[in-house]
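> Please find the sequence and the predicted model below.
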Amino acid sequence: MRFGTVKHIAPAMPALLFLAVFFAWPLIEIGRVSFATAAFGRGATPLTVLGDPAYLGILAFTCWQAALSTLLTLLAGLPIALAFARYRFAGQRFWRAVAVVPFVMPTVVVAAAFSALLGPRGAVNQLLQSLFGLEQPPIQLLGSLPLVLLAHVFYNVAVVIRVVGGFLTNLSPHLEEAAANLGANRWQVARSVLLPLALPAVGAAAALTFLFTFSSFGVMLILGGARFATLEVEIYRQATQMLRLDVAASLAVIQMAVTLLTGWASARLEAGVPLEAQSIGQPRRRPSTPAERALVWGSLAFVILVLLTPMATLVMRSFDWEGGPPWRYYAALGQNVRGALFFVPPQVAIGNSLLFAFATMLLTMLLGVPLVYALARLRRGQLLEAILLLPLGSSAVALGLGFLVAFDQPPLDLRTSVVLLPIAHTLVALPFFVRAALPAFRALDQRLREAARGLGAGPLQVMRHIDLPLLAPSLTAAAIFAFAVSLGEFGASLLIARPEYPTMPVAIYRFLGQPGALNYGQALAMSSLLMLVTASSAALIEWLRPR
Amino acid sequence: MRAYSLLLLTTFVLSACAIQAPPPRAPAQPRTLTVMTHDSFSASEAVIAEFEQTHNAKVVVLKSGDAGSTLNKAILSKDAPLADVLYGVDNTFLGRALAADILEPYSSPALAAIPDRFKLDPQNRLLPVDYGHVMINYDKAFLQAKGLNPPASLRALTEPQWKGLLVVENPATSSPGLAFLLATIAAFPEGSAYDWRQFWRDLRANEVYVSPDWSDAYYNQFSGSSGKGPRPLVVSYATSPAAEVFFSEGKLQAPPTGNVEGTAFEQIEFVGILKGTKNRDLAEKWVDFMLSRRFQEDIPLQMFVYPVLPEAALPEVFVKFGQPPAQFFTLPTAEIDRGRERWIEEWERIVLK
């Protein structure tokens, strides 16, 4: 290796070391235990598993539903990303914050919202039935693939809005204007100028969405009505119910191979795109032509109908409309009626959630910024980029069990340490951060920096006046998602046996574990608080962003 | 950048305030007893505090996922145990737990007061703590509006009047789902003219709905609880109707749901001392305590199951609305252990594929 490469890659070392210790090692350990211990299996390997048509079927289904979900999410998300990045309209901050909220919602709560809206006795069916005098509910979506796809769009559209939107914000409009002056119509401009220019960000958003839906667990289980299984669902089933760790580990290896392939393909694709330099502070303007207004209004309509309505339904249901104070479920959150040991006052759950989310964001940025800086300068970094995506497409079950067997000796007996939580969250957040921030880092205009230096600016001044403003929108998007990944407890619920540091999602699941109006009401009240905390955190992070 | 540091600081301070300060140390350093258990474990603060005071101990509870995950984690960490005591293994997992050789025998003196039918491990590596019944609940209002009587038996569920009205949980991902599958296997044994496979084929033809877990089944699919789903029959617990009354905070005088007799499977939950514990004496005290009247009487309203100790008094809401069913199905643990994996796979082929 040339000295130059070593020097380039040095800033990436902390992140790579982190991944080696907390990702690679646990997986290798659990792999060793799974394949080598007779008590946990009967000699299945990735190859024998691939030879079984049942598992091949699951692999094929997992891939195509993820591809379809990604396509739909892009179709819905790209126009919204453009509308949010380019145009100014009332309540824009609010809508941008709202769009992040689905990302953190527990699946079973989202399922409750969808069935309240689209179920046989849901609002939409009742409306249609009374409008057209129908006997049977016309929409039968529960337990079907369309509902799964809808939920995948619901969860992931924010990824497209933020990642692509962050990139578009600083994209200079000159080329588009030039094309328009040369007589290209709006559609031609969008297709042959804007889309290619935004391709690195679109590719990043697509890769992230694909991986999130590829390893879909809760959505598939709950909204798919148990008939559909992804690899992740099958791994969970084999590992926790059958104790067939050999099969589970084999499937996990296959899942990681697909992840690696996806990551590599998308990195190749992005690397082949020439980058248009970004320029600072492109002003948003009011939509002026009918087409622009249609774009903005259409985007808002989508956000309201698909994102806001289900959430509003939950908030409505978190109040008691049948007499007595409507906010009684909120009041009950603070009362330990049964004197239960595991009672969590809401402020503690919120505090824990915020603390972990903040720790995750901080750790992710500390590791991620130098990493992305190094990656942006690396000429042949595609394989490394693909490897960095791995945690996103790896089985949370496998990783959780891996932690259990890997960290059982001092000084790293972390199995029950609360530190594992932000670490686990960071594993998921880091690939996200890299993908969301890399396009902007690559597009940094070196001429601007050189010009600033030529005018006598020191390195710090260059960073403050050139780098930060140019990177800020993308970095903010990346940071918000690192925060949200942690608030939503991605995968971590399967991790570890941990002592009592209950977060909001943990409290929600606890309420939903017992029957009764009070439990259900409190679960929805806590969910509403989670939405509030998420939206306001996202808005706050954005508001604080360096400009 | 300043703004970011400000955000950093405020969030940190806010969060730090919210996390409770550690309790002040007792004069003599208390010993720590670690209990590994599933996510549904609950107990009264006062009851645990009593144990801690009596034995100068600090009880740390490690919640480790559902019952299956908890056991698997205990097995995987066999060489470096995470805890002193394991609670929450039930009769459907008993065989696996014993075969994995992770528990030490302990013949607690407290066992003398507990009926023999709960003692499934003759070597007392796993000691019974509580029991409950997975069974079908029905929505009273729904059935009344349609002029229906609750199904008379399991077999009745395959009749056309119940078409599309039953929700069950997937036995591959849910413990009540597995218990209900076992009930049907006990009711329609293999080798009989109408076996459980035929029963499930008929249920599928009758459009049974499969949920992945209890929460989704009960709140999103079942019509009788707060979620107001579309279906009036759900696989839940014998105590769910009583819990509906208890958690209505006085709004309900009688349960909105009832139990369908003849559909119950008995689940017994066990506690055991993990091999390799360095606190064997304290672990024994904990096991004794779980079997004592104080803890046993705390069980019903915390976990909505029944204490195994006959002399433990039941709370009023249990006496009124939550009596154990007169009849229930059960299967020998050895048979469950041999059959579980195959049954689940067959069930999936019959019902889902």
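Structure's in. What do you need?
> Report the contact partners of residue 66.
Answering for chain A, as no chain was given. For residue A:66, the contacting residues are A:210-211, A:213-214, A:216, by Cβ atoms under 8 Å, 6 or more residues apart in numbering or on different chains. Using the backbone N, CA and C atoms, a C-beta is placed for each residue, glycine as well.
> Let me rephrase: I mean chain B.
When the contact criterion is Cβ under 8 Å, 6+ apart, the partners of residue B:66 are A:240, B:38-39, B:174-175.
> looking at those residues, which has the most residues close by?
Compared across these, residue B:174 has the highest neighbour count, 27 neighbours, by other Cβ atoms under 10 Å in any protein chain shown.
> pLDDT value on that residue, please?
On the pLDDT scale, residue B:174 is placed at 87.
> If you drop the residues flanking it in sequence, what lies closest to it?
On the basis of Cβ to Cβ, 6 or more residues apart in numbering or on different chains, the spatially nearest residue to residue B:174 that is not a chain neighbour turns out to be residue B:213, at 4.9 Å.
> Verify the stated contact: that neighbour with residue B:169.
Yes - in this structure, residue B:213 sits in contact with residue B:169. The criterion is Cβ atoms under 8 Å, and the distance is 6.1 Å.
> Give me the three-state assignment for the nearest residue to residue B:326 once chain neighbours are set aside.
The spatially closest residue to residue B:326, leaving aside those adjacent along the chain, is residue B:261, at 7.2 Å (Cβ to Cβ, 6+ apart). Assigned with DSSP: H, G, I helix; E, B strand; the rest coil, residue B:261 falls in the coil class.
> residue contacts, the nearest residue to residue B:80 once chain neighbours are set aside?
Nearest in space to residue B:80, with sequence neighbours left out and distances taken as Cβ to Cβ, 6+ apart, is residue A:408 at 3.9 Å. Under the criterion of Cβ under 8 Å, 6+ apart, the contact list for residue A:408 reads A:415, B:77, B:79-80.
> what's residue A:408 sitting at in phi/psi?
For residue A:408, the backbone dihedrals (degrees, to the nearest 10) come out as phi -100, psi 10.
> How much space separates it from residue A:132?
When Cβ to Cβ, to the nearest Å is the yardstick, residue A:408 and residue A:132 sit 63 Å from each other.
> Let me see the contact set for residue B:95.
Contacts for residue B:95 (Cβ under 8 Å, 6+ apart) come out as B:333-334, B:336-338.
> contact partners of the top helix by length along chain B?
In chain B, taking DSSP state H as the definition, the longest helix is helix B:333-351. Contacts with helix B:333-351, where a contact means Cβ under 8 Å, 6+ apart, come from A:241-242, A:244, B:91-92, B:94-96, B:99, B:120, B:171-172, B:178, B:181-182, B:185, B:197, B:200-201, B:203-204, B:208, B:210.
> Assign residue B:270 to helix, strand or coil.
Here residue B:270 is strand, with the state taken from three-state DSSP.
> bridging residues for it?
When bridges are assigned using DSSP bridges, the partners listed for residue B:270 are residue B:89, residue B:128.
> Contacts only, for it.
B:87-91, B:94, B:97, B:120-121, B:126-129.
> Next one: the nearest residue to residue A:378 once chain neighbours are set aside from residue A:379, what distance?
Counting by Cβ to Cβ, 6+ apart, residue A:8 is the residue found nearest to residue A:378 once chain neighbours are left out, at 5.9 Å. Distance of residue A:8 to residue A:379, computed by Cβ to Cβ: 9 Å.
> Comparing these two, which residue is more hemmed in?
residue A:8 (18 against 8).
> these two touch, right, the more buried one and residue A:375?
No - in this structure, residue A:8 is not within contact of residue A:375 by Cβ under 8 Å, at 9.3 Å.
> which residues does residue 269 contact?
Just going to use chain A. Applying Cβ under 8 Å, 6+ apart, the residues contacting residue A:269 are A:199, A:203.
> wait, I meant chain B there
Residues touching residue B:269, when contacts are defined by Cβ under 8 Å, 6+ apart, comprise B:87-90, B:128-132, B:305.
> okay, and for chain A, where does confidence drop off?
Screening chain A residue by residue with the criterion pLDDT under 70, one finds the ranges A:1-5, A:38-40, A:142-143, A:272-282, A:411, A:490-500, A:546-547.
> For chain B, just list every one of the strands.
Listed in chain order, the strands of chain B (DSSP state E) span B:31-37, B:57-63, B:85-90, B:103-104, B:127-139, B:166-169, B:209-211, B:233-237, B:257-259, B:265-274, B:306-307.
> now these in CSV, with mean pLDDT?
Rendered in CSV, the data for these read as follows (pLDDT from 0 to 100):
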stretch, mean pLDDT
strand B:31-37, 93
strand B:57-63, 91
strand B:85-90, 95
strand B:103-104, 97
strand B:127-139, 97
strand B:166-169, 95
strand B:209-211, 91
strand B:233-237, 97
strand B:257-259, 96
strand B:265-274, 97
strand B:306-307, 96
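> Could you dump those strands into CSV and include distance to residue A:481?
Rendered in CSV, the data for these read as follows (distance: least, Cβ to Cβ, whole Å):
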stretch, distance to residue A:481
strand B:31-37, 34
strand B:57-63, 28
strand B:85-90, 36
strand B:103-104, 44
strand B:127-139, 40
strand B:166-169, 33
strand B:209-211, 30
strand B:233-237, 37
strand B:257-259, 42
strand B:265-274, 40
strand B:306-307, 47
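> hey, which of the ones you listed is tucked in deepest?
Comparing the strands of chain B by mean neighbour count (mean count of other Cβ atoms under 10 Å in any protein chain shown), strand B:233-237 ranks first with a mean of 28.
> Leaving out sequence neighbours, find the closest residue to residue A:49.
The spatial neighbour of residue A:49 that comes closest, neighbours along the chain excluded (Cβ to Cβ, 6+ apart), is residue A:250 at 4.1 Å.
> hang on, that neighbour in a helix?
Yes - per three-state DSSP, residue A:250 lies within a helix segment.
> Can you report how many residues neighbour it?
Under the criterion other Cβ under 10 Å, the count of neighbours that residue A:250 has is 26.
> looking at it, it is touching residue A:45, isn't it?
Yes - contact criterion Cβ under 8 Å: residue A:250 and residue A:45 qualify, at 5.8 Å.
> give me phi/psi at residue A:322?
Here the main-chain torsion angles of residue A:322 (degrees, to the nearest 10) amount to phi -110, psi 50.
> Quickly note the distance from it to residue B:258.
Between residue A:322 and residue B:258 the computed distance is 21 Å (Cβ to Cβ).
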